[in-house]
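Participant: Got a predicted structure plus its sequence, pasted below:
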Amino acid sequence: MIATHGNDLRPGDAFLLNSPYHGGTHLPDMTVVTPCSTCAASTCTSSRLRAAHHADIGGTTPGSMPPGSRDIAEEGVLITPTRIVRDGRFEEDTVRALLAAGPWPARNVEQNLADLRAQLAANARGIRELERAAAAHGWPALLAYMAHVQDNGEACMRRAIRNLADGRFRYEMDNGQAIEVSVTVDRAAGTARVDFTGTSAQQASNLNAPRAVTIAAVLYVFRTLVAEQIPINAGCLRPLTIVVPPGTLLDPVPPGAVVAGNVETVAVHRRRTVRRTRSAGRRPGNDEQFHVRQRPLPVLRDHRRRGRRGPGLRRRERRADAHDQFAAHDPEVLEARFRCCCVSLHCAPLRRGRRLSRR
């Protein structure tokens with residue numbers, strides 16, 4: 001977005017994108033970026049962004065994730081970085097035109113507009129809180145602490161990397177494609193090179209993952225190795241050199257389908273990498289423990305099918321529904337909210353002496 005509109009970026013504006021070729025993930029994930037004003041003494045331009053999964057963004061099937069898509073147009077409306085607010089005025093006609101574009105436009109434009117207004121409101125609240133913190137502490141102090149968070153993230157990541165060794169892995173998938181990665185560790189410097197050279201070329205299917213998702217998956221895996229309780233931030237990426245050849249299934253280039261299957265593609269790679277880490281004797285981090293504890297959920301679905309419900313089970317069902325909704329998102333956001341939920345899901349049936357069958 002900055003590369004496209006960086007020369008005309010000011011408070012009172014907002015931008016929308018969902019294109020996997022411009023840093024997006026898959027089309028239903030609509031990202032709204034809002035610039036934030038700074039004091040005159042600061043040369044830094046801060047911004048807030050809010051990404052939300054929309055119920056539908058068009059495509060050949062409701063929900064915008066058709067299982068048999070072979071071109072990204074079949075998955076919905078593709079939006080490159082576009083200004084949707086100028087000087088505080090929401091450009092509704094522009095947004096409507098975007099949502100109506102393509103051979104399979106959005107099905108419920110009014111719902112999309114309402115969701116976008118909610119995202120803009122969330123950004124506005126974030127900006128107010130950021131400016132309130134700046135008023136209390138001053139922009140120089142606030143920016144210094146932002147830099148400290150990133151520097152600390154970098155230092156923690158370097159310490160974790162120094163405990164690793166070189167490795168090379170290949171994971172073949174059902175359709176004949178393969179993810180291949182080599183990791184080269186410089187323990188003295190605390191850096192790692194993650195090279196996906198050898199990964200299969202992109203195919204005309206929806207089992208490709210955009211580069212942004214690939215980088216996020218690498219960050220996820222390395223974050224599980226950090227012992228300290230830190231927020232995920234850009235500093236954690238500084239010790240990592242990530243090589244993803246363009247035109248592969250982990251960095252597809254247009255035209256072609258990209259993203260209906262990107263969550264599954266990256267989940268396979270993440271699970272494989274976490275298993276390798278565990279087998280190497282590494283103590284799992286909090287995020288890895290969270291990932292492993294997702295398994296009791298099919299038990300809950302089994303009970304829903306049989307109709308045996310009680311107050312406790314209904315509560316656990318609601319937790320499971322929330323877990324299913326957010327399980328593919330940032331583990332740092334999920335950690336505090338769902339770890340206790342997953343523990344109760346895992347242990348509650350045993351504490352009550354129940355034997356729950358699993359199909």
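Facilitator: The structure has been received and is ready for your questions.

Participant: What are the buried residues along the helix ranked longest in the chain?
Facilitator: Across the chain, the longest stretch assigned as helix under DSSP state H is helix 109-137. Applying a neighbour-count criterion of 16 or more other Cβ atoms under 10 Å, one finds 109, 112-113, 115-116, 119-120, 122-124, 126-127, 130-131, 134 buried in helix 109-137. (C-beta placed from N, C-alpha, C; glycine too.)

Participant: what helices or strands is the next helix or strand after it leaning on?
Facilitator: Later in the chain than helix 109-137, the nearest helix or strand by DSSP states H and E is helix 139-161. Using 3 or more Cβ pairs under 8 Å, 6 or more residues apart in numbering; DSSP states H and E as the contact test, the elements touching helix 139-161 are helix 109-137, strand 191-195, helix 211-223.

Participant: Quick one: closest of these to residue 92.
Facilitator: Closest approach to residue 92 among those is made by helix 109-137 (6.8 Å; Cβ to Cβ).

Participant: For the closest one, name the packing helices and strands.
Facilitator: strand 14-17, strand 29-36, strand 46-53, helix 92-99, helix 139-161.

Participant: least reliable of the ones you listed going by mean pLDDT?
Facilitator: Of all those, strand 46-53 carries the lowest average pLDDT, namely a mean of 72.

Participant: State the next helix or strand along the chain beyond it.
Facilitator: strand 82-86.

Participant: I figured residue 81 was touching residue 4, is that so?
Facilitator: Yes. Look at residue 81 against residue 4 with Cβ atoms under 8 Å: they come within range, at 4.4 Å.

Participant: Quick check: which ranges of the chain have low pLDDT?
Facilitator: Applying pLDDT under 70 to the chain picks out residues 37-48, 256-359.

Participant: tell me the domain ranges of it?
Facilitator: 2-137, 167-283, 297-351 (automatic domain parsing).

Participant: Would you mind giving the orientation angle of the longest helix of the chain with respect to helix 92-99?
Facilitator: In terms of direction (axes from the mean of the first three to the mean of the last three Cα atoms, to 10 degrees), helix 109-137 departs from helix 92-99 by 120 degrees.

Participant: Give me the angle between helix 109-137 and strand 29-36.
Facilitator: Using the same axes, to 10 degrees: helix 109-137 against strand 29-36 is 40 degrees.

Participant: in stretch 149-166, what counts as buried?
Facilitator: So for stretch 149-166, counting by 16+ other Cβ under 10 Å, buried means 150, 152, 153, 154, 155, 156, 157, 158, 160, 161, 162, 164.

Participant: Pick out whichever of these sits closest to residue 142.
Facilitator: Relative to residue 142, the closest of these is residue 150; by Cβ to Cβ it sits at 13.4 Å.

Participant: list the contacts for the closest one?
Facilitator: Shown in contact with residue 150 (Cβ atoms under 8 Å, 6 or more residues apart in numbering): 233, 234, 235, 238.

Participant: cool, residue 252 as well?
Facilitator: So residue 252 contacts 20, 202, 208, 209, 210, 258 (Cβ under 8 Å, 6+ apart).
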